[in-house]
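A.B. asks: generate coordinates for the sequence data below:
(one chain, ligands or ions: 3)
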Amino acid sequence: MTQNYRITLLPGDGIGSEIIAVAVNVLKVVGKKYNIQFEFTEALIGGAAIDATGEPLPADSLDICRNSDAVLLAAIGGYKWDSLPSHLRPEAGLLGLRAGLGLFANLRPAKILPQLIDASSLKREVVEGVDILVVRELTGGIYFGKPKGIFETETGEKRGVNTMAYTESEIERIGRVGFEAARKRGGKLCSVDKANVLEVSQLWRDRITKLAQEYPDVELSHMYVDNAAMQLLRAPKQFDTIVTGNLFGDILSDAAAMLTGSIGMLPSASLGASGPGVFEPVHGSAPDIAGQDKANPLAQVLSAAMMLRYGLNEPTPADEIEQGVLEVLQKGDRTGDIMSPGMNLLGCRAMGKALIQVLEAK
Ligand SMILES: NC(=O)c1ccc[n+]([C@@H]2O[C@H](COP(=O)([O-])OP(=O)(O)OC[C@H]3O[C@@H](n4cnc5c(N)ncnc54)[C@H](O)[C@@H]3O)[C@@H](O)[C@H]2O)c1
Ligand SMILES: CC(C)[C@H](C(=O)O)[C@@H](O)C(=O)O
Ligand SMILES: [Mg+2]
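C.D. replies: Numbers count the residues shown, from 1 in each chain. Ligands and ions are numbered 1, 2, ... in the order given. Now for the predicted structure:
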């Protein structure tokens, strides 16, 4: 019997259309093999949506996403829209999508692939075996807290304001995602906060500590975010699963990317309590290399694998895609961001073709 899935594609801006084209081809190839039919619908978000409609997330796009089984997003943003006020920028479209679909949990795995150890910024002995999952809260914290805005003070000076706020229930629901993930992985959860300074972090730490009573099999530790950034680079293997707030998770996941060689390799899954998830690379629209066929499409391809695994409950084709990525790297194929001496330098399209060849041969 053929399985049918409705997938919304959000190419967005910059390298978005280049990398999403590769992921779509990969999905079609594994779909054929496993009797899965994907019905793809493209919608606008980010700068592309601003140019076409004046809004970073047209209501139409959100509706199309809501009515699909999963959403595959590339990236949004670019220099062209940088001077717009924050609520009209491409990034506001992305935040609107996350909030609109209730995607409070963002899973960002950072795993070193043996083939890419030489592409890492750190020494072999430091990164070999690194396998970290950052569980980032995605619909709260300083990204969404109120008041927010640029206000005028009594003296006529401007004052920019954002508010970092979490309720106990928001902390508890992301905490549970962290504990459950740690339980299935290496059994260790590190909660990252800034409880030495911030009240919101004191509440965070308190709530996570209480929740730990329900997970006696998970070893919980706490770390301040500044130390966590340093420890990630000094001794990353001490980490298994990290749970943290929106802003800290954003920053730590980019840092974790460099352990694994390149941000062009890291996928993510954004999930809510129900409804479609959004699957997107950790990286952005890379305007500096857009339109040059230089982007690494593998973070997008691995996001499509996460979509199969977490969004559609299709772990077998997800495994096959991940295995295909390992094999193509094993053959020595590299885009510029993960290039090392003696390897074959490929553009985005050629990397896609090489991967398809590997998958078709399976
Ligand atoms: N999820 C998203 O849509 C998302 C995430 C991060 C940043 N952004 C947006 O993207 C724009 C650019 O932001 P930035 O430059 O800070 O971050 P970025 O991640 O787009 O780029 C940072 C650096 O990494 C490189 N890079 C990123 N992805 C790559 C890939 N797949 N292959 C090869 N190299 C890659 C870029 O060329 C650049 O040098 C901004 O507008 C930002 O807001 C969007
Ligand atoms: C573009 C921006 C809004 C976004 C974030 O900060 O969440 C990005 O950096 C990410 O990591 O997905
Ligand atoms: Mg980020």
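A.B. asks: what residues does this structure put near ligand 1?
C.D. replies: By Cβ under 6 Å from any ligand atom, the residues of the chain that approach ligand 1 are 75-78, 91, 94, 263-264, 280, 283-289, 295-296, 299, 337. C-beta: built from backbone N, CA, C; applies to glycine.
A.B. asks: buried ones among those residues?
C.D. replies: Buried residues within these, counting neighbours by 16 or more other Cβ atoms under 10 Å: 75-78, 91, 94, 263-264, 280, 283-287, 289, 295-296, 299, 337.
A.B. asks: which of the residues of the chain next to ligand 1 come close to ligand 2?
C.D. replies: Among the residues of the chain next to ligand 1, the residues lying close to ligand 2 (Cβ under 6 Å from any ligand atom) are 77, 91, 94, 284.
A.B. asks: among the buried ones among the residues of the chain next to ligand 1, name the ones in strands.
C.D. replies: Within these, residues falling in strands by DSSP state E are 75, 280.
A.B. asks: which of the buried ones among the residues of the chain next to ligand 1 fall within helices?
C.D. replies: In this view, those that belong to helices under DSSP state H are 91, 94, 299.
A.B. asks: what's the closest of those to V26?
C.D. replies: Sorting those by distance to V26 puts A299 at the head of the list, at 12.6 Å, by Cβ to Cβ.
A.B. asks: correct me, but the closest one touches T260?
C.D. replies: No. Using Cβ atoms under 8 Å, A299 makes no contact with T260, being 10.2 Å away.
A.B. asks: what do those two both touch?
C.D. replies: L266 (Cβ atoms under 8 Å, 6 or more residues apart in numbering).
A.B. asks: V358: what's it in contact with?
C.D. replies: Residues in contact with V358, defined by Cβ under 8 Å, 6+ apart, are 324, 327-328, 331.
A.B. asks: do you know how far it is from G342?
C.D. replies: Applying Cβ to Cβ, to the nearest Å, the value for V358 to G342 is 20 Å.
A.B. asks: what of L329?
C.D. replies: 13 Å.
A.B. asks: quick check on whatever residue of the stretch 201-350 of the chain ends up closest to ligand 1: phi, psi?
C.D. replies: Going by Cβ to the nearest ligand atom, ligand 1 is nearest to G284 of the stretch 201-350 of the chain, at 2.3 Å. When read as degrees, to the nearest 10, the backbone of G284 gives phi -100, psi -160.
A.B. asks: tell me the domain ranges of this protein?
C.D. replies: In terms of domains, the chain is parsed into 1-107+264-362, 131-258 (source: automatic domain parsing).
A.B. asks: quick one: end-to-end distance for the last one.
C.D. replies: I take that to be domain 131-258. End-to-end distance for domain 131-258, by Cα to Cα, to the nearest Å: 13 Å.
A.B. asks: for it, what is the average pLDDT?
C.D. replies: On average, the pLDDT along domain 131-258 is 97.
A.B. asks: and that domain with ligand 2, contact?
C.D. replies: Yes. Using Cβ under 6 Å from any ligand atom, domain 131-258 reaches ligand 2 at D250.
A.B. asks: can you list the ones in helices among the buried ones among the residues of the chain next to ligand 1 in a markdown table and add distance to G156 and pLDDT?
C.D. replies: Below are these laid out as a markdown table (distance: Cβ to Cβ, whole Å; pLDDT from 0 to 100):
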| residue | distance to G156 | pLDDT |
| --- | --- | --- |
| E91 | 29 | 98 |
| L94 | 34 | 98 |
| A299 | 46 | 98 |
